[in-house]
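Engineer: pasting the structure only:
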DNA sequence: GCCAACGTTGGC
DNA sequence: GCCAACGTTGGC
């Protein structure tokens, strides 16, 4: 497509949190593709709506041992109406969401990579190069956040370091 | 399981 | 439209 050639490819980078008991990297790795539904926070939703096909995200496990970044995913379908908001049986049901102007969005995600080891919050907090990451700010509960390219690359570097270590040792 | 931090709700 | 009460998130 002419557009694709002319338009510069600008990938945005994100971090998305999930509890592994609810939806984890292993499930995405097994199925290769999944739906990121159930976001019920307006700011997080707005970030979902900014996502483009091909964007990459750090897959973060929360309420885990340890919590931290466990791998990489990609956006394979941009934001669409999260069907669970209209399902009374779903825990994500939102009776106040207007049918003609749905409140909540979902995106579809693809598996890219699972790290051999979790890059734990402890590791991330101790790393000066990761200073300023939203996830590391005190009291941040936002489940979808943008990530600076330098931070994203640093995480990848840490992950590769761990890979090398675990292979040689 | 505790609890700090934060978002949302609803009374006024 | 303020703000106290309540619910939720999520690290620890």
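Structural biologist: Arrived safely, thanks for sending. From a predicted model like this one, the values you see are computed outputs, not experimental measurements.
Engineer: Need the pLDDT of residue A:84.
Structural biologist: Note for residue A:84: predicted pLDDT of 93.
Engineer: For the lengthiest strand in chain A, buried residues please.
Structural biologist: What stands out as the longest strand in chain A, according to DSSP state E, is strand A:105-120. By 16 or more other C-beta atoms under 10 Å, the buried positions in strand A:105-120 come out as A:105-111, A:114-115, A:117-120. (Each C-beta comes from the backbone N, C-alpha and C, glycine too.)
Engineer: could these go into TSV alongside pLDDT and distance to residue A:34?
Structural biologist: Formatted as TSV, those follow (pLDDT from 0 to 100; distance: C-beta to C-beta, whole Å):
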residue	pLDDT	distance to residue A:34
A:105	96	15
A:106	96	10
A:107	97	10
A:108	98	7
A:109	98	5
A:110	98	8
A:111	98	8
A:114	97	14
A:115	97	18
A:117	94	22
A:118	96	19
A:119	97	21
A:120	96	23
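Engineer: now, among those residues, which is nearest to DNA strand B?
Structural biologist: Among the buried residues of strand A:105-120, residue A:105 lies closest to DNA strand B (C-beta to the nearest atom of the strand), at 13.9 Å.
Engineer: right, and the closest one touches residue A:79 too?
Structural biologist: Yes - counting by C-beta atoms under 8 Å, residue A:79 is a contact partner of residue A:105 at 4.0 Å.
Engineer: which neighbours do those two share?
Structural biologist: With contacts taken as C-beta atoms under 8 Å, 6 or more residues apart in numbering, residue A:105 and residue A:79 have A:48, A:49 as neighbours in common.
Engineer: residues from chain A in reach of DNA strand C?
Structural biologist: Residues of chain A lying close to DNA strand C (C-beta under 7 Å from any atom of the strand) are A:17, A:19, A:40, A:62-64, A:67, A:121-122, A:125, A:141-143.
Engineer: The longest strand of chain A and DNA strand B, any residue contact?
Structural biologist: No - Strand A:105-120 lies out of reach of DNA strand B by C-beta under 7 Å from any atom of the strand, never closer than 13.9 Å.
Engineer: Likewise for stretch A:139-146?
Structural biologist: Yes - using C-beta under 7 Å from any atom of the strand, stretch A:139-146 reaches DNA strand B at A:139, A:140, A:141.
Engineer: Please state the offset of that stretch from the chain centre?
Structural biologist: Mean C-alpha position of stretch A:139-146 versus that of the full chain (C-alpha atoms, centre = their mean, to the nearest Å) differs by 10 Å.
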